[in-house]
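S.K.: the following block contains a protein sequence and its predicted model.
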Amino acid sequence: MAGVCFLLPACARHGPEGILRLSQRNEPATLDPQLASLPDEFFILRALSEGLVRPAPDGVPAPGGVLAGAAERWEHSPDGLTWTFHLRADARWSNGDAVTASDFVYTIRRALDPALAAPKATLFFPLRNAERYYRGAVTDFAQVGATARDNHTLVLGLEHPAPQLLALAASGPWLPVHPATVEQFGRGRESAWTRPGNFVGNGPFILAEWRPHEVVVVTRNPLYHDASRVQLGAIRFQVYDNENTEELAFRAGQVDVTMAIPVSRLAAYAPPVRRVQPLAETRYFALNLRRAPLNDRRVRRALSLAIDRRTLAEAVLQGGQTPALSYLPPGLGGYSPGEIPDLAAADAAPEPAAAFPREPAGFSPAAARRLLAEAGFPEGRGFPRLEISTWTNTAVAEAVQEMWRRELGLDTTIVRHEARVHAAALRSGDFAVAFVPAIPDFGDASALFAEMVSGAPGNYPGWSNPRFDALVAEAGSIMNPTRRLAPLRKAEQILLAEAPVIPLYFNAQNYLVSPRVTHWQPDRLWNRCYLDVALQP
């Protein structure tokens, strides 16, 4: 480690001291903020780049849940349709260029370019004509609601009032790119602008090294506008295959913050070294409706009702996770979810409600067996072998595999892929049942609902319901936070009754932090803030 420090200028005697070593579970597929989709990628990008605003860490009071970033202040018109952001005069890119409003306009245009196929392009759709530009119905970007009034004033015009705009602007895909660098190395997916030596960012650190499947190193950026709050000389994002190897590394003093703790080692650690972070994240199964018999709602409901979620949370995971009887985690943007409805719910069923007997919510093997028999598979006979795909520890998949065998007589196989291979299979529809983390891109209930509207990039099941789409759109145009809850609850009832997804549990992160680390600041959305984080001698 001393040799590494010798090579890093940020470790100079008169600057911030110390290299923070963080466990990194998945190799980044990209460090392009408009193409990134994994939390692991945004862990690094949050060190390299800063948006107009940034998420407030848990416990830090902030209007709208955000803090000033590249913009020092902002306001909106009385009708909520025009937002004006005033950029800091002292904001600089890591090459010394001034950060301008035009840079953010360029970033927005790039995110909406159909040729880029940005996976999170929908996060920009509240802007006027943004979706039409993305779909090709509008070809002149000047008609999109993103303009630079001058170098330090960005004006955003919206399709309709969007109460979640600040949260959107704080999300990872809104992180800006340096236009000249992108143009120099190429705009596409394989561009070299994201490599060390080429990356130009406006965040507190600079990309210094990237050895695939080993380590990413970032060093302190002396040009960052709030450089006095950067207490670290560098951060090493060290790749570990699983929680067992990283826990061994932690015990050996080779890593300061882990991603997880093996279940078998949970009792070995106590606070403040062991920490539990409740997450606004739903772990669920996506069911591919393009494949029979998963296109039969009775089959999907049977699979859901045969899962004992309490056993998953308490006996398998054992780390503060809670059973999920709804798609949205409680408290996300003030939303209080309901529970899985019965198939007789009038709002939920496109067929006459009387055609479906009433069912209990949650775990009900008898109801599951009845539905499966009605679908033509009594006791599982004739049901094709299902493949469950995952990218992480297979313990949950194995537990569900046994439940489906015991309760329904189904035969399943489990396949574990590398995270980016798993993500690519989800996008292409190359799966039957897939284990998926629903992580909101921003702190509002609409974040997860938007992923399930017809044609959305995150709608992995290929599900479509016009009534659901209309309710989500209706909620998105209501500024009053109380009034918008009613259409959101109706939308969730439809989603849960149709069961293109099977919620399993609400996640919690159990991880280890070395006593020498101070001011570690995560939040419920897997965001990190590295300002003020320091190392004791």
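M.R.: Nice, thanks for sending it over. Numbers count the residues shown, from 1 in each chain.

S.K.: so for the nearest residue to residue 279 once chain neighbours are set aside, what's the pLDDT?
M.R.: Distance criterion CB to CB, 6 or more residues apart in numbering; nearest residue to residue 279, sequence neighbours excluded, is residue 507 at 4.6 Å. All C-beta spots, glycine's among them, are computed from the backbone N, C-alpha and C. pLDDT recorded at residue 507 is 95.

S.K.: ok, now which ones touch residue 507?
M.R.: 279, 281-283, 321, 437 (CB atoms under 8 Å, 6 or more residues apart in numbering).

S.K.: wait, a strand at it?
M.R.: Yes. With DSSP: H, G, I helix; E, B strand; the rest coil as the criterion, residue 507 is part of a strand.

S.K.: domain assignment for the chain?
M.R.: With domains defined by automatic domain parsing, the chain comprises 1-49+182-273+513-537, 50-176, 280-509.

S.K.: residue boundaries of the strands in the stretch 101-250 of the chain?
M.R.: In the stretch 101-250 of the chain, the strands defined using DSSP state E, counting those that start in this stretch lie at 146-150, 153-157, 205-211, 215-220, 234-239.

S.K.: out of those, nearest to residue 42?
M.R.: strand 234-239 (11.6 Å; CB to CB).

S.K.: export that closest one as PDB, just CAs?
M.R.: As requested, the backbone C-alpha atoms of strand 234-239 are provided in PDB (Å, rounded to 0.1, in the frame of the first residue of the first chain):
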ATOM      1  CA  ALA A 234      -7.600   8.700  -2.900                       C
ATOM      2  CA  ILE A 235     -10.200   6.000  -3.000                       C
ATOM      3  CA  ARG A 236      -9.500   2.400  -4.100                       C
ATOM      4  CA  PHE A 237     -12.600   0.500  -5.300                       C
ATOM      5  CA  GLN A 238     -11.300  -3.100  -4.900                       C
ATOM      6  CA  VAL A 239     -13.200  -5.900  -6.600                       C
END
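
S.K.: re earlier: quick check: the gap between the residue nearest to residue 279 and residue 277.
M.R.: Here residue 507 is placed at a distance of 9 Å from residue 277 (CB to CB, to the nearest Å).

S.K.: and residue 118, by the same measure?
M.R.: 28 Å.

S.K.: can you check residue 377 too?
M.R.: Counting by CB to CB, the gap from residue 377 to residue 277 is 41 Å.

S.K.: over to residue 42?
M.R.: Residue 42 is 16 Å from residue 277, by CB to CB.

S.K.: which of the two has more neighbours?
M.R.: residue 42 (25 against 15; other CB atoms under 10 Å).

S.K.: residues touching the closest residue to residue 485 other than its chain neighbours, list them.
M.R.: Closest residue to residue 485 in three dimensions, ignoring its sequence neighbours and counting by CB to CB, 6+ apart: residue 335, at 6.4 Å. Residue 335 sits next to 328, 445, 485, 488 when contact means CB under 8 Å, 6+ apart.

S.K.: same question for residue 127.
M.R.: Applying CB under 8 Å, 6+ apart, the residues contacting residue 127 are 108, 144-146, 156-159.

S.K.: apply 7 Å and report the result again.
M.R.: Residues counted as contacts of residue 127 (CB atoms under 7 Å, 6 or more residues apart in numbering) are 144-146, 156-158.

S.K.: quick check: pLDDT value at it.
M.R.: Taking residue 127 on its own, its pLDDT is 98.

S.K.: quick check: nearest residue in space to the residue positioned nearest the centre of the chain, chain neighbours excluded?
M.R.: Centre of the chain computed as the mean C-alpha position; nearest residue by CA atoms, centre = their mean is residue 439, 3.6 Å away. Take residue 439 and drop its neighbours on the chain: the residue closest to it by CB to CB, 6+ apart is residue 281, 4.9 Å away.

S.K.: wait, is the one you found part of a strand?
M.R.: Yes. If the criterion is three-state DSSP, then residue 281 is within a strand.

S.K.: any stretches of the stretch 251-400 of the chain with poor pLDDT?
M.R.: Within the stretch 251-400 of the chain, the stretches with pLDDT under 70 are 338-361.

S.K.: how about the strands in it?
M.R.: 274-287, 322-323, 386-390.

S.K.: in contact with the nearest residue to residue 509 once chain neighbours are set aside, which residues?
M.R.: Distance criterion CB to CB, 6+ apart; nearest residue to residue 509, sequence neighbours excluded, is residue 277 at 4.3 Å. Neighbour list for residue 277: 508-509, 522 [criterion: CB under 7 Å, 6+ apart].

S.K.: okay, residue 486: pLDDT?
M.R.: So, for residue 486, pLDDT stands at 88.

S.K.: got it, and residue 83?
M.R.: Value for residue 83, per-residue pLDDT: 98.

S.K.: the residue nearest to residue 159 when sequence neighbours are not counted: neighbour count?
M.R.: By the measure of CB to CB, 6+ apart, the closest residue to residue 159 outside its immediate chain neighbours is residue 128, 5.3 Å from it. As a burial measure, residue 128 scores 19 neighbours (other CB under 10 Å).

S.K.: then residue 89?
M.R.: With other CB under 10 Å as criterion, residue 89 counts 11.

S.K.: would you check that it makes contact with residue 152?
M.R.: Yes. Residue 89 is within contact range of residue 152, at 6.3 Å (criterion: CB atoms under 7 Å).

S.K.: as a markdown table, the contacts of residue 335 with secondary structure would be great.
M.R.: Output for these, formatted as a markdown table (three-state DSSP):
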| residue | secondary structure |
| --- | --- |
| 328 | coil |
| 445 | coil |
| 485 | helix |
| 488 | helix |
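
S.K.: about what we covered before: just among the contacts of residue 127, which is most surrounded?
M.R.: Busiest of these [other CB under 10 Å] is residue 156, holding 28 neighbours.

S.K.: just the helices in the stretch 301-450 of the chain please.
M.R.: With DSSP state H, counting those that start in this stretch as the criterion, the stretch 301-450 of the chain has helices at 309-311, 365-374, 395-408, 419-428, 446-450.

S.K.: point out the most buried one among those.
M.R.: Greatest average neighbour count among the helices of the stretch 301-450 of the chain goes to helix 446-450 (a mean of 25), per mean count of other CB atoms under 10 Å.

S.K.: would you indicate which residues of the helix or strand following that one are buried?
M.R.: As assigned by DSSP states H and E, the chain's next helix or strand after helix 446-450 is helix 466-476. Buried residues in helix 466-476, defined by neighbour count with 16 or more other CB atoms under 10 Å: 468-469, 471-473, 475-476.

S.K.: helix 466-476 packs against which elements?
M.R.: Judged by 3 or more CB pairs under 7 Å, 6 or more residues apart in numbering; DSSP states H and E, helix 466-476 is in contact with helix 446-450, helix 485-498.

S.K.: and residue 440, backbone torsions?
M.R.: phi -60, psi 140 (degrees, to the nearest 10).

S.K.: so who does it touch?
M.R.: Contacts of residue 440 (CB under 7 Å, 6+ apart): 280, 332, 447-448, 525.

S.K.: likewise residue 45?
M.R.: Residue 45 touches 31, 33, 36, 172, 175, counting by CB under 7 Å, 6+ apart.

S.K.: could you rerun that using 6 Å?
M.R.: Contacts for residue 45 were tallied using CB atoms under 6 Å, 6 or more residues apart in numbering; they are 33, 175.

S.K.: run a quick neighbour tally on residue 212.
M.R.: 9.

S.K.: what's the closest of the strands of the stretch 101-250 of the chain to residue 269?
M.R.: strand 234-239 (19.5 Å).

S.K.: and that closest one, what does it pack against?
M.R.: If you count contacts as 3 or more CB pairs under 6 Å, 6 or more residues apart in numbering; DSSP states H and E, strand 234-239 packs onto strand 19-24, strand 215-220.
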